[in-house]
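Student: Could you look at this predicted model? Sequence included:
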Amino acid sequence: MRAMPSRILIALTALAVPVSLHMALVVAPTEEKMGVVQRIFYYHVPSAFMAFLGVGLCAIMSALYLWRRERRFDIMAHAAAELGVLFCTIVLVTGPIWARPVWGVWWTGEVRLTSTLILWLIYVGYLLLRENAENREQAARWGAVVAIVGALDMPIIYKSVEWWRGLHPKVLKISGGGGLDPSMERALLVCTITFLLLFATLFLERVRVALLEDEVEALEHAIGRRPAVAAPASGPGGTRS
Amino acid sequence: MSYLGIVALVAAKDLRTELRSREQALSLMVFALLVLVVFNFAFDFTILDFGSLGPGILWVAFIFSGVLALNHAFRIEREQDRIEGILLAPIDRSAFYLGKVLSTVIFMGTVEAVLVPLSAILFNQSITPRLGLMVLALVLNTIGFAAVGTLFAAITTQTRRSEVLLPLLLFPAAVPIALAAVRATSHILAGRPFARYANWIYMSAAYDLVFIAAAVLLFDYALQE
């Protein structure tokens, strides 16, 4: 059974999603120069925030895991990384859809685009590495190392791409110079809150699933359906397959 | 034994193994040369300017052969579980890490020392002026690549798919090194004043420091059994 707070959160998210759609598609005015396509911005930008939230959370939980060695920190790090990759993917898909009609190209070497792509690659690598570990403890340790290196690397990557491009034009100033219209700002705020709720819901559900998996494994182990999981068949000095 | 003594000992062991078997350096060199030759065909350098493409081509060759070197770096230890001996030895594991970085830098440096003059011939370039700065850029960026690469290789060599996983993790993480190396090298080749590319040199140095420090702290977690 789900705990009550978790149910409330799911309900809130379910309410917020249609509201945010209404704000982004109906309430917010159509942008003068870019037209309707600019509305993708209300989902694009919050996704970018959530991608950074996921990656940042992953790095913090990874550091906590290496320090305290508690499984819950690793579960949270893993869930945060998965969500980071998910939202980063949304950013990378919605970005070109917007860029094509507005800039006339799907993709440019602009600094934010390039560093977002590199961020995505690092965390896809993180997830693939975890898949290739032999056990949970190994996956947790390796993942933590990669997540911390990735987090340290991000500012350097951003700076290096920025220098590489030389003085980069401020092409991403969304509303063409001036600030956002207040109603646009409101729509962006509502969408950001919606995405935060969505992030929180997915995060908690992912953690819950991981804990249930642990429980199932422990039960299977208890009734002898599974060979001892943690038995270090090798010990230090034995063989690894 | 002192900390630095252990570092030197680990590196010396790798170099001695290499000198006896000679399996690594030669194949790395031929591979890197092959990359250059492929690019020599892919781009017509009678039309294109080597100054703009050359540094990129050179660093692609170094990075590719560097990944091959790194994939090999822990294989000797993994085979027949020799790594257990090192893990049991009463030494600081970060010293083992630094020794591995040192031997990787030496392997990659050997390739670079041959490839750079060779590419100068292949692409009709003069590299003799500013040789000191060229060496500085090569060394700083090779250290950075090897620092992160050795940490990741220690992890990926424990999996069955290290050949794919290592570049998958390392290439995105080494983006600053690739960019800094290419930019610094092209400025040096063009004979521009140091001030024009000093920021790239400093970035490489900063990258080296940050990731050697991070890896010294994290390496233990990469190996722990």
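Tutor: Sure, I can see it.

Student: How much space separates residue A:160 from chain B?
Tutor: 4 Å (C-beta to the nearest C-beta, to the nearest Å). The C-beta positions use only the backbone N, C-alpha and C, and glycine is treated the same way.

Student: confidence score at that residue?
Tutor: pLDDT recorded at residue A:160 is 91.

Student: try residue A:238
Tutor: Turning to residue A:238, the model gives it a pLDDT of 38.

Student: Low-confidence bits of chain A, can you list those?
Tutor: A:1, A:166-179, A:226-241 (pLDDT under 70).

Student: Close to chain B: what parts of it are there?
Tutor: Contact residues (C-beta under 8 Å from any C-beta of the partner chain) of chain A with chain B: A:66, A:118, A:121-122, A:124-126, A:128-129, A:132-133, A:138, A:141-142, A:144-146, A:148-150, A:152-153, A:156-157, A:159-161, A:163-164, A:234, A:236-237, A:239-240.

Student: Filter those residues down to the ones in helices?
Tutor: The members of the residues of chain A next to chain B that map onto helices under DSSP state H are A:66, A:118, A:121-122, A:124-126, A:128-129, A:138, A:141-142, A:144-146, A:148-150, A:152-153, A:156-157, A:159-161, A:163-164.

Student: could you point out the longest helix in chain A?
Tutor: helix A:182-222.

Student: tell me, how many neighbours does residue A:8 end up with?
Tutor: 11 (other C-beta atoms under 10 Å in any protein chain shown).

Student: Just the element for it, please.
Tutor: helix A:4-22 (DSSP states H and E).

Student: So which residues make contact with that helix?
Tutor: For helix A:4-22, the surrounding residues in contact (C-beta atoms under 8 Å, 6 or more residues apart in numbering or on different chains) are A:2, A:42, A:187, A:190-191, A:193-195, A:197-198, A:200-201, A:204-205, A:208.

Student: please redo it, this time with the cut-off set to 7 Å
Tutor: A:190-191, A:193-194, A:197-198, A:200-201, A:204 (C-beta atoms under 7 Å, 6 or more residues apart in numbering or on different chains).

Student: Please produce a PyMOL select command covering the buried subset of the residues of chain A next to chain B.
Tutor: A single PyMOL command selects the buried members of the residues of chain A next to chain B (16 or more other C-beta atoms under 10 Å in any protein chain shown):
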select buried, chain A and resi 66+118+121+122+124+125+126+129+132+133+138+141+142+144+145+146+148+149+150+152+153+156+157+159+160+161+163+164
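
Student: can you redo the contacts of helix A:4-22 as CSV with neighbour count?
Tutor: Compiled in CSV, the contacts of helix A:4-22 are given as follows (neighbours: other C-beta atoms under 10 Å in any protein chain shown):
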residue, neighbour count
A:190, 21
A:191, 26
A:193, 15
A:194, 24
A:197, 19
A:198, 22
A:200, 17
A:201, 18
A:204, 18
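
Student: and these, which two are the farthest apart?
Tutor: Across these, the longest distance by C-beta to C-beta is 21.4 Å; it joins A:190 and A:204.

Student: and the longest helix of chain A, how far out from the chain's middle?
Tutor: What separates the centre of helix A:182-222 from the centre of its chain is 11 Å, taken as C-alpha atoms, centre = their mean, to the nearest Å.
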